[in-house]
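*Asks:* Sequence and predicted structure below; questions after.
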Amino acid sequence: SARAAEGSGLLAVPGSTDAPAAVLGPADEDERVTALDAFLLAAGPEPDPQADLAMGLVHRIRTDRTIRRVSGFAAEEGVSVRSLQRLFAAYVGVSPKWVLLRYRVHEALERATRDTAVDWARLAAELGYSDQAHLVREFTATVGVPPTAYAR
């Protein structure tokens with residue numbers, strides 16, 4: 001943890017000899033930036049593997065369009081649904097279902113923007129919705145207007 005450097009009002013990192021001089025000393029701006037990066041990295045918290053895992057799972061949901069259900073996703077990852085929910089609550093701030101639904105709505109938004117005539121029933125099936133009405137409800141709740149109004 002950081003503590004106030006004696007008499008300077010600056011923060012010092014335990015184990016550093018003279019961090020302010022190391023950061024402010026070099027005349028070259030690139031050297032000062034490099035020194036500041038090193039100082040901040042040394043002062044920062046240790047990497048958290050659980051945070052990395054959570055961000056990797058969010059990335060997978062975002063990029064793997066075959067993920068349709070949290071239960072199936074949890075099984076593929078070898079964890080329980082509840083463990084996945086706890087991980088997301090702690091590191092993402094929302095549930096895995098929320099993330100999954102948002103990316104499905106984003107896909108629908110992309111299609112509505114890209115295509116002039118969207119077959120909403122077919123798109124709902126492609127995105128894993130049980131029916132078109134479910135897609136329309138989720139889209140409207142997220143975007144604020146129904147898909148057909150958005151597509152105009």
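*Replies:* That came in fine, so what should we check first? Residues are numbered from 1 along each chain as shown.
*Asks:* hey, where'd the strands end up in this protein?
*Replies:* For the chain, the strands identified by DSSP state E occupy 3-4, 11-12, in order along the chain.
*Asks:* Now do the contacts for the closest residue to residue 148 other than its chain neighbours.
*Replies:* Nearest residue to residue 148, sequence neighbours excluded (C-beta to C-beta, 6 or more residues apart in numbering): residue 120, at 7.5 Å. Glycine gets a C-beta too; all of them are placed from N, C-alpha and C. When contacts are counted by C-beta atoms under 8 Å, 6 or more residues apart in numbering, residue 120 is found next to 132, 135, 136, 147, 148.
*Asks:* Among the residues you listed, which one lies nearest to residue 43?
*Replies:* Distance to residue 43 across the contacts of residue 120 (C-beta to C-beta) is lowest for residue 135, with 47.4 Å.
*Asks:* Would you mind measuring from the residue lying closest to the closest one once chain neighbours are set aside to residue 130?
*Replies:* Excluding the flanking residues, the one nearest residue 135 by C-beta to C-beta, 6+ apart is residue 124, at 3.9 Å. For residue 124, the distance to residue 130 (C-beta to C-beta, to the nearest Å) stands at 8 Å.
*Asks:* overlap in contacts of the two?
*Replies:* Shared contacts of residue 124 and residue 130, defined by C-beta under 8 Å, 6+ apart, are not found at any residue.
*Asks:* Please say which of these two ends up with more neighbours.
*Replies:* Of the pair residue 124 and residue 130, residue 124 is the one with more neighbours under other C-beta atoms under 10 Å, namely 22 against 9.
*Asks:* isn't the more buried one right up against residue 137?
*Replies:* No - with contact defined as C-beta atoms under 8 Å, residue 124 and residue 137 do not form a contacting pair (10.5 Å).
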